[in-house]
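Student: pasting a predicted model and its sequence here:
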Amino acid sequence: MTSTTDKIKGAANEAAGSIKKGVGEAIGNPKLEAEGAAQKLKGKAQGAVGDAKDAVKDAGKKIADE
């Protein structure tokens, strides 16, 4: 996956996780709440992978330019 794809999927998972967690809290469903929290964390991790890929790509460009 590209860094942009990772960031987009990460943001989507964070949003979906937040919704699931909120619905779980609202209806008193701890399982749904936990699933939402886990999905939100997965999204944050995906976003971090995208950021890391960008950093590696930028570092490679700097080295190539020297």
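Tutor: The structure has been received and is ready for your questions. Residues are numbered from 1 along each chain as shown.
Student: other SSEs contacting the longest helix that the chain contains?
Tutor: Assignment by DSSP state H gives helix 30-65 as the longest helix of the chain. The contact analysis (3 or more Cβ pairs under 8 Å, 6 or more residues apart in numbering; DSSP states H and E) places helix 30-65 against helix 3-27. Yep, even glycine has a C-beta here, placed from its N, CA and C like the rest.
Student: for the record, mean pLDDT for the helix it packs on?
Tutor: Here helix 3-27 scores 97 as its mean pLDDT.
Student: distance check, N13 against N29.
Tutor: Noted for N13: a distance of 19 Å to N29, by Cβ to Cβ, to the nearest Å.
Student: ugh, typo on my part, it should be K40
Tutor: For K40 relative to N29 (Cβ to Cβ), the value is 16 Å.
Student: more neighbours: the two, which one.
Tutor: K40 (19 against 14; other Cβ atoms under 10 Å).
Student: so that one versus G28, what's the distance?
Tutor: Distance of K40 to G28, given as Cβ to Cβ: 19 Å.
Student: and for stretch 45-59, what's in contact with it?
Tutor: Stretch 45-59 is contacted by residues 2-7, 9-11, 13-14 when judged by Cβ atoms under 8 Å, 6 or more residues apart in numbering.
Student: distance to K57 for those - can I get that in CSV?
Tutor: Compiled in CSV, the contacts of stretch 45-59 are given as follows (distance: Cβ to Cβ, whole Å):
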residue, distance to K57
T2, 10
S3, 7
T4, 11
T5, 14
D6, 12
K7, 13
K9, 18
G10, 17
A11, 19
N13, 22
E14, 23
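Student: which of those residues count as buried?
Tutor: 3, 6-7, 9-10, 13-14 (16 or more other Cβ atoms under 10 Å).
Student: quick check, pLDDT for the residue of the chain most remote from its centre.
Tutor: Most distant from the centre of the chain: E66, at 33.1 Å, with distances by Cα atoms, centre = their mean. On the pLDDT scale, E66 is placed at 77.
Student: go on, I63?
Tutor: For I63, the predicted pLDDT is 88.
Student: how close does it get to V23?
Tutor: In terms of Cβ to Cβ, I63 sits 47 Å off from V23.
Student: those two: which is more packed in?
Tutor: V23 (13 against 8).
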